[in-house]
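Chemist: Quick one, fold the following:
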Amino acid sequence: MNPKKIYFASDQHFGAPTSEISFPREQKFVQWLDEVKKDAEAIFLLGDLFDFWFEYKTVVPKGFIRVLGKLAEIKDAGIPIYFFVGNHDLWMGDYFEKELNIPVYHDNKEFTFNGKTFLIGHGDGKGPGDMGYKRMKKVFTNPFSKWLFRWLHPDIGVKLAQYLSIKNKLISGAEDVKFLGEENEWLVQYCKRKLETKHYDFFVFGHRHLPMEITLNEQSKYINLGDWIGYFTYGVFDGETFELKKYE
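Modeler: Coordinates of the predicted model:
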């Protein structure tokens, strides 16, 4: 019998650039979920599952029913699922918690598996630099900003947000994401600073859309999960080692 494994995936951006174009990626991700549930001890989704998400009091964006249904099926089967909010779905509220019984985290969280310590999160706004985004995030996560947006009719608010989201060059494909070098990758710098005060075996993040595995010291590694737009990569921890894999 194979030992149980812990799976990690991030940055699916379903709905981008259109629902029709992203639909094959959604189908592929559901197929992956079907396969990993066979030996999954837990599944971690590290944000930007959707290219845009907003929860009105009685309304959520339509679509994504196959992904949501599969997550519900896996959770109902007793497999824990953990969701970390990304910068594209940062307006997530309690829908996942109430409807799917999936806990939602808005910041990094520590976990320990088989004696190995993890720091897990989406990764946006961490580390030095990127002050413009950090200021923007404070505005968008402000309760007053969410209250104002909620007054837009969903047909208007969702369409507007989707339009602004796909203007992002990263999603439109107009700009390639490139490795900046270990000394310039701000999440690497963030991890190194965290290690100055506490040990972690693995730092696992998304957001950068690049599959990366970087050794920080003899006992610690930084992992970036890549994405499900161009790479279709995911992470798997077997109790001893962490490995990045590509889903074909």
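
Chemist: all contacts plus neighbour counts: C-alpha atoms, from now on.
Modeler: Will do.

Chemist: Can I get the longest helix along the chain in PDB, CA atoms only?
Modeler: Scanning the chain for the helix with the most residues, using DSSP state H, yields helix 19-36. Extracted C-alpha coordinates of helix 19-36, given in PDB (Å, rounded to 0.1, in the frame of the first residue of the first chain):
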ATOM      1  CA  SER A  19     -14.500  31.100 -19.500                       C
ATOM      2  CA  GLU A  20     -14.400  29.300 -22.800                       C
ATOM      3  CA  ILE A  21     -10.600  29.400 -23.100                       C
ATOM      4  CA  SER A  22     -10.000  28.400 -19.600                       C
ATOM      5  CA  PHE A  23     -12.500  25.500 -19.600                       C
ATOM      6  CA  PRO A  24     -10.000  22.900 -20.900                       C
ATOM      7  CA  ARG A  25      -7.600  23.900 -18.000                       C
ATOM      8  CA  GLU A  26     -10.500  23.500 -15.600                       C
ATOM      9  CA  GLN A  27     -11.200  20.000 -17.000                       C
ATOM     10  CA  LYS A  28      -7.500  19.100 -16.700                       C
ATOM     11  CA  PHE A  29      -7.400  20.300 -13.100                       C
ATOM     12  CA  VAL A  30     -10.500  18.200 -12.200                       C
ATOM     13  CA  GLN A  31      -8.800  15.200 -13.700                       C
ATOM     14  CA  TRP A  32      -5.700  15.800 -11.600                       C
ATOM     15  CA  LEU A  33      -7.900  16.100  -8.400                       C
ATOM     16  CA  ASP A  34      -9.500  12.800  -9.300                       C
ATOM     17  CA  GLU A  35      -6.100  11.100  -9.500                       C
ATOM     18  CA  VAL A  36      -4.500  12.600  -6.400                       C
END
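
Chemist: List the contacts of that helix.
Modeler: 7, 12, 14-16, 64, 66-67, 70, 228-229, 247 (CA atoms under 8 Å, 6 or more residues apart in numbering).

Chemist: by how many degrees do whatever helix or strand comes next after it and helix 19-36 diverge?
Modeler: Later in the chain than helix 19-36, the nearest helix or strand by DSSP states H and E is strand 40-45. Going by axes from the mean of the first three to the mean of the last three CA atoms, to 10 degrees, strand 40-45 is angled at 160 degrees with respect to helix 19-36.

Chemist: which other helices and strands contact the helix or strand just after strand 40-45?
Modeler: As assigned by DSSP H and E, the chain's next helix or strand after strand 40-45 is helix 65-76. Contacts defined by 3 or more CA pairs under 8 Å, 6 or more residues apart in numbering; DSSP states H and E place helix 65-76 against helix 19-36.

Chemist: buried set for the helix it packs on?
Modeler: For helix 19-36, a neighbour-count test (16 or more other CA atoms under 10 Å) marks 22-23, 25-26, 29-30, 33, 36 as buried.
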